[in-house]
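1. Task: produce atomic coordinates for the following.
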Amino acid sequence: MSALWVGTSWKMTKTLAEARSWAEGLHDHLAGALPTGVQPFVIPSFTATTTVAGILGEDSPALLGVQNAHWEDAGAWTGEVSVPQAKDAGARIVEIGHSERREHFGETVETTRLKVAAALRHGLTPLLCIGESAEVKKAGGSAEFILRQARGALAGLSDQELSCVVVAYEPIWAIGEKGRPATVEELVEPFAALGAEYSGRVAGLLYGGSVNLDNAADLLGIEHVTGLFVGRTAWQLEGYLELLQIAAAHAGSGQVGG
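-> Below is the predicted model:
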C-alpha cells in the first residue's frame, strides 16, 4: 500500500514567528521518527514559504507546498507567483483549484488544467482540489460535478503524468468555519466515482472538509481514500502530529480504504 497523505493548508494565517515555531516542531518530530506509511505535507502562506523551507530542509520527508501558482513561467502578472518561483522557494507541491479560489478569484476548469500542466512541466506535484456546493449535493449531482472538475483539469495527461497528481475532494458544504463534518455515508458515493476513474492512476485521493481528531480514522477507512487534507485541526502542531499518528495506525493495520 502507498503512503497515506496527511497535509494541511494554513490559508491566510500565521505570522513568520508562528510559522517558524510550527515548522521547528514538525522538523524535530520527524527527526525522531517518521510515522510509518505516512506522507506529510504542509502548505503555508507565500510569505512563510522560504522560512518553512529553510527549517524543514531539502531532504525533509515532509513536502512543502504553495496555495496557488500561475500557469505562465514569467510575465506581467501583477500579484501572481509562477511555478518556477514557487519551486525556487522550496515548494514541491502546488495546490490548485480550491473552492475559495474558484468562488472569489475566478478559477475555472480551464485555468486548473493550465496550472496542473505548469506544475508537472516543472516537476512539482499538482494537488487538485475539487468539490460541490450544498445545492449540487441536494440535487443529487455530486459525483457528476466533481468528475467534471477532475476530468477537465486532468485532460490530456499521460498515465505517467497522471501518476504524479494528487486529487483532494473537498465538498464546499463541509469546509470552513460554517462547514459541517461529512458522514462516512455521504462520502461513499463520491469516492466510489472518483475511485472508479482514478484509483491506482493518481498519486493520491484525499478527503478534506471539517476533518478532526474524532473523525479522521473513520474517514481513512472509506474505500479509495488515501489521505487527508486538513484545515483548522492541523493549524496547531499538536493536532497535526496526532493526525500523523492516526494515519500511521491505519497504515499499519491495513484497514485503510484502497
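2. From residue 86, how far out is the residue of the chain positioned farthest from its centre?
-> Ranked by distance from the centre of the chain (Cα atoms, centre = their mean), the top residue is residue 76, with 28.3 Å. Distance of residue 76 to residue 86, given as Cβ to Cβ, to the nearest Å: 18 Å. Every C-beta, even on glycine, is put in place using the N, C-alpha and C of the backbone.
3. that older thread, can you tell me the helix or strand for the residue farthest from the centre of the chain?
-> For residue 76, there is no host helix or strand (DSSP states H and E).
4. Over to residue 132?
-> Of the helices and strands defined by DSSP H and E, none includes residue 132.
5. what about residue 40, how many residues close to it?
-> Other residues near residue 40 come to 25 when the count uses other Cβ atoms under 10 Å.
6. Neighbours of the spatially closest residue to it that is not a sequence neighbour, how many?
-> Computed as Cβ to Cβ, 6 or more residues apart in numbering, the closest residue to residue 40 that is not its neighbour in sequence is residue 62, at 4.1 Å. Residues lying near residue 62 (other Cβ under 10 Å) number 23.
7. Alpha carbons of stretch 93-113, as CSV, please.
-> Taking C-alpha atoms only, stretch 93-113 is exported to CSV below (Å, rounded to 0.1, in the frame of the first residue of the first chain):
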residue,chain,number,x,y,z
ILE,A,93,3.5,20.8,-4.3
VAL,A,94,1.2,23.3,-5.9
GLU,A,95,-2.4,23.5,-4.6
ILE,A,96,-4.8,24.1,-7.5
GLY,A,97,-8.5,24.9,-7.7
HIS,A,98,-9.5,25.3,-4.1
SER,A,99,-13.2,26.3,-3.9
GLU,A,100,-12.3,29.6,-2.4
ARG,A,101,-10.1,30.3,-5.4
ARG,A,102,-12.9,29.3,-7.8
GLU,A,103,-15.5,31.4,-6.0
HIS,A,104,-13.6,34.6,-5.2
PHE,A,105,-10.8,34.7,-7.7
GLY,A,106,-12.3,33.3,-10.9
GLU,A,107,-10.6,29.9,-11.0
THR,A,108,-12.1,27.8,-13.8
VAL,A,109,-11.8,24.3,-15.1
GLU,A,110,-9.6,25.7,-17.9
THR,A,111,-7.2,27.5,-15.5
THR,A,112,-6.9,24.5,-13.3
ARG,A,113,-5.9,22.5,-16.4
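8. Identify the residues contacting it?
-> The contact list for stretch 93-113 (Cβ atoms under 8 Å, 6 or more residues apart in numbering) reads 7, 9, 11, 41, 43, 63-69, 71, 83, 86, 115-116, 118-119, 124-131, 148-149, 152-156, 166, 170, 172, 175.
9. Now it: buried residues?
-> Of the residues in stretch 93-113, 93-102, 107, 109, 111-113 count as buried by neighbour count, 16 or more other Cβ atoms under 10 Å.
10. Now do it, average pLDDT.
-> The pLDDT scores in stretch 93-113 average 97.
11. tell me the contacts of the residue lying closest to residue 14 once chain neighbours are set aside?
-> Excluding its sequence neighbours, the residue lying closest to residue 14 (Cβ to Cβ, 6+ apart) is residue 48, at 6.2 Å. Counting by Cβ under 8 Å, 6+ apart, residue 48 touches 10, 14, 16, 19.
12. Show me which of the contacts of stretch 93-113 are buried.
-> Among those, those buried by neighbour count (16+ other Cβ under 10 Å) are 7, 9, 11, 41, 43, 63-69, 71, 83, 86, 115-116, 118-119, 124-131, 149, 152-154, 166, 170, 172, 175.
13. what about this structure, any weak spots by pLDDT?
-> 1, 254-258 (pLDDT under 70).
14. Please identify which two of the buried residues of stretch 93-113 are farthest apart in space.
-> Farthest-apart pair in the buried residues of stretch 93-113 is 93 and 109; separation 20.4 Å (Cβ to Cβ).
15. Just the helices from the stretch 151-258 of the chain, written as ranges.
-> 159-162, 184-198, 216-220, 237-253 (DSSP state H, counting those that start in this stretch).
16. Quick check: buried residues in the second one?
-> Residues 187, 190, 191, 193, 194, 195, 198 are the ones in helix 184-198 that count as buried (16+ other Cβ under 10 Å).
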